[in-house]
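>>> Pasting a predicted model and its sequence here:
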Amino acid sequence: MTTNLPLPQFYSQTLSTLQPIFDDTLPISDSSTQSTLTSALDNLYLIQRMINSLGVFSENESIDEIGEKEVVFMSVNWVIGAAEEKGGLGGRDDRISTLQRAETAYASYLELLNSYGVLSSEEQAESSAAASGQSSEPKDPAKKREAKIRQYKREKELREDIANSLPNQPESSSSPITFLLSLLPSTSNRPSAIPNSTGSTSVNQEDSDEISKSTTILILRLLHTLTIASLSSISMEMKLLSNAPPSIVPLADRDPREIRREEEDSTWKLDRQPSKYKPRELISGNGRVLRPFTILPSTSNMSDRERLKSGVFKQSWRLPTMTIDEYLEEEQRRGNIITGGGQASYDAPTESELLESAAENDGSALAEEKAEQKRLKDENWARFADENKKGAGNTMNKG
């Protein structure tokens with residue numbers, strides 16, 4: 001792809017196409033958005049090649065030696081990484097390739113900042129750890145939380161300083177693309193506080209002096225903070241994708257004979273005997289399950305098929321453990337069943353009536369015994385009546 005625009009305008013035009021995507025104005029999953037993203041990435045890679053061919057940056061320079069108009073182009077690698085991170089929606093393999101390209105672009109950006117000494121000592125330590133593939137976040141949850149808070153405060157301070165130092169006063173919550181566009185000349189479809197330029201690599205003319213190099217460095221430091229967070233997110237996503245199953249092959253790309261064979265197998269197929277796997281083949285040393293398995297009680301008298309069948313195909317409700325008669329006998333043994341009552345209990349003679357009837361049989365030992373029992377009962381009742389006068393227990397006259 002070729003362009004007749006100077007490099008600053010070309011970079012500004014490319015960022016303008018990316019601004020709605022980074023502002024979440026366009027849905028990232030939409031095909032037109034992905035097409036715009038792909039076209040912008042092609043332009044960004046072209047800009048990267050143009051910068052390398054022009055020799056804008058050198059390993060022998062420091063940040064003080066580079067021109068004020070060229071510092072903004074140090075952000076190209078970050079924009080490439082952020083744009084790549086938003087793509088790769090074509091499946092697992094496509095996403096992995098996209099994340100790898102984003103990781104490479106982020107690493108190049110960190111390497112460029114370190115070579116020019118743009119970062120503070122704390123930021124350099126984070127950058128070195130991220131470039132070596134090690135997380136700068138501590139393992140301890142409390143310290144990890146403190147590191148997150150420090151990173152958030154640093155990002156907030158940088159955003160506020162950038163918003164206050166730019167002429168057009170953008171909001172501090174704006175996307176980094178908005179901050180970068182404030183440093184570049186305007187295109188035909190974007191207003192800017194900076195006039196257009198006609199040079200090949202210079203960003204602005206005389207009026208651009210109001211935006212100092214320190215403001216551009218603040219933006220680069222903000223991009224560094226976002227890069228550290230993005231690399232951590234990419235690392236976690238890569239671990240998840242590496243453990244995910246491979247993408248399903250579309251039916252159009254599969255062999256018709258294989259599809260026909262699977263259909264025949266699904267209509268008539270013998271039950272396969274479960275394989276005998278060793279424990280180390282089921283669970284890895286770190287506890288990760290390698291293949292599905294079922295834990296069932298050991299039954300040596302049953303075949304594997306019957307054992308599995310009895311463990312799977314069973315009633316979905318609780319079955320009774322005893323008959324109704326056994327249940328009633330157990331409840332009666334525990335004393336939970338009340339007997340008596342009804343008309344038969346009402347018609348049955350009372351204890352006093354039985355004693356009186358038995359005492360009427362004169363001349364027998366049983367009659368004398370029952371008569372004595374009746375006398376003692378009457379005597380006890382008379383004594384109780386003398387000791388407990390009528391109404392003595394109802395002193396409050398209730399009822």
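Thanks, I have the structure now.
>>> which residues of the stretch 1-150 of the chain fall in helices?
7-22, 31-54, 76-85, 92-116, 121-131, 141-165 (DSSP state H, counting those that start in this stretch).
>>> hey, which of these is tucked in deepest?
helix 76-85 (a mean of 24; mean count of other C-beta atoms under 10 Å). For the C-beta atoms, the positions are set from N, CA and C on the backbone; glycine is no exception.
>>> For that helix, give me every contacting residue.
Residues outside helix 76-85 that contact it (C-beta atoms under 8 Å, 6 or more residues apart in numbering) are 11, 15, 18, 21-22, 37, 40-41, 44-45, 47-48, 51, 98-99, 101-106, 108-109, 112, 176-177, 180, 223, 226-227, 230, 234.
>>> let's see it at 7 Å
15, 18, 37, 40-41, 44-45, 47-48, 51, 98, 101-102, 105-106, 108-109, 112, 223, 227, 230 (C-beta atoms under 7 Å, 6 or more residues apart in numbering).
>>> before we move on, what about stretch 90-107?
77, 80-81, 84-85, 87-88, 131, 227, 230-231, 234, 237-238, 241, 244, 246-247.
>>> same deal with stretch 328-342?
Counting by C-beta under 7 Å, 6+ apart, no residue sits against stretch 328-342.
>>> Centre of the chain to that stretch, how far?
The chain centroid and the centroid of stretch 328-342 are separated by 57 Å, computed with C-alpha atoms, centre = their mean, to the nearest Å.
>>> Take the helices of the stretch 1-150 of the chain and lay them out in JSON lines including distance to Leu354 and mean pLDDT.
Below are the helices of the stretch 1-150 of the chain laid out as JSON lines (distance: least, C-beta to C-beta, whole Å; pLDDT from 0 to 100):
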{"stretch": "helix 7-22", "distance to Leu354": "102", "mean pLDDT": "91"}
{"stretch": "helix 31-54", "distance to Leu354": "101", "mean pLDDT": "91"}
{"stretch": "helix 76-85", "distance to Leu354": "99", "mean pLDDT": "93"}
{"stretch": "helix 92-116", "distance to Leu354": "93", "mean pLDDT": "90"}
{"stretch": "helix 121-131", "distance to Leu354": "100", "mean pLDDT": "77"}
{"stretch": "helix 141-165", "distance to Leu354": "82", "mean pLDDT": "86"}
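>>> I'd like to know which of the ones you listed is closest to Arg318.
Closest to Arg318 of the helices of the stretch 1-150 of the chain is helix 141-165 (C-beta to C-beta; 43.2 Å).
>>> Okay, angle between that closest one and helix 121-131 too, please.
Per axes from the mean of the first three to the mean of the last three C-alpha atoms, to 10 degrees, the angle that helix 141-165 makes with helix 121-131 is 120 degrees.
>>> Now do the helix or strand that helix 141-165 is followed by: which elements does it pack against?
Going down the chain from helix 141-165, the next helix or strand is helix 176-183, by DSSP states H and E. Other helices and strands packing on helix 176-183, by 3 or more C-beta pairs under 7 Å, 6 or more residues apart in numbering; DSSP states H and E, are helix 7-22, helix 213-243.
>>> mind listing the helices in the stretch 251-399 of the chain by residue range?
Under the criterion DSSP H, counting those that start in this stretch, the stretch 251-399 of the chain contains helices at 256-267, 279-282, 304-312, 324-333, 342-347, 351-359, 365-387.
>>> Could you save those helices as TSV and add columns showing mean pLDDT, distance to Glu171 and mean neighbour count?
Listed next are the helices of the stretch 251-399 of the chain as TSV, based on pLDDT from 0 to 100; distance: least, C-beta to C-beta, whole Å; neighbours: other C-beta atoms under 10 Å:
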stretch	mean pLDDT	distance to Glu171	mean neighbour count
helix 256-267	68	56	9
helix 279-282	69	55	10
helix 304-312	72	60	13
helix 324-333	92	76	11
helix 342-347	80	88	8
helix 351-359	80	98	14
helix 365-387	86	96	12
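>>> Could you export the ones you listed as TSV, including distance to Lys144?
Formatted as TSV, those follow (distance: least, C-beta to C-beta, whole Å):
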stretch	distance to Lys144
helix 256-267	48
helix 279-282	33
helix 304-312	44
helix 324-333	59
helix 342-347	76
helix 351-359	83
helix 365-387	82
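>>> between these, which gets nearest to Ile66?
Per C-beta to C-beta, nearest to Ile66 of the helices of the stretch 251-399 of the chain: helix 279-282, 57.9 Å.
>>> related to what we said a few turns ago, relative to Leu119, which of the helices of the stretch 251-399 of the chain is closest?
Of all those, helix 279-282 comes closest under C-beta to C-beta, at 47.1 Å.
>>> Next, Gly340: phi, psi?
Per-residue torsions, Gly340: phi 90, psi -170 (degrees, to the nearest 10).
>>> Minimum distance to Ser364: which of the helices and strands packed on helix 176-183 has it?
Using C-beta to C-beta, these put helix 213-243 closest to Ser364, at 97.6 Å.
>>> Please state the offset of the closest one from the chain centre?
20 Å.
>>> Could I get the buried residue list for it?
When neighbours are counted by 16 or more other C-beta atoms under 10 Å, the buried residues of helix 213-243 are found to be 213, 215-228, 230-231, 234.
>>> Could you name the helices and strands sitting against that helix?
helix 76-85, helix 92-116, helix 121-131, helix 141-165, helix 176-183.
>>> and Phe384, which of those is closest to it?
helix 141-165 (76.4 Å).
>>> contacting residues around stretch 24-37?
When contacts are defined by C-beta under 7 Å, 6+ apart, stretch 24-37 is touched by residues 17, 20-21, 83, 86-87, 89.
>>> how about these in CSV, adding distance to Glu356?
CSV is the format used below for the contacts of stretch 24-37 (distance: C-beta to C-beta, whole Å):
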residue, distance to Glu356
Thr17, 115
Pro20, 109
Ile21, 108
Ala83, 111
Lys86, 105
Gly87, 107
Leu89, 102
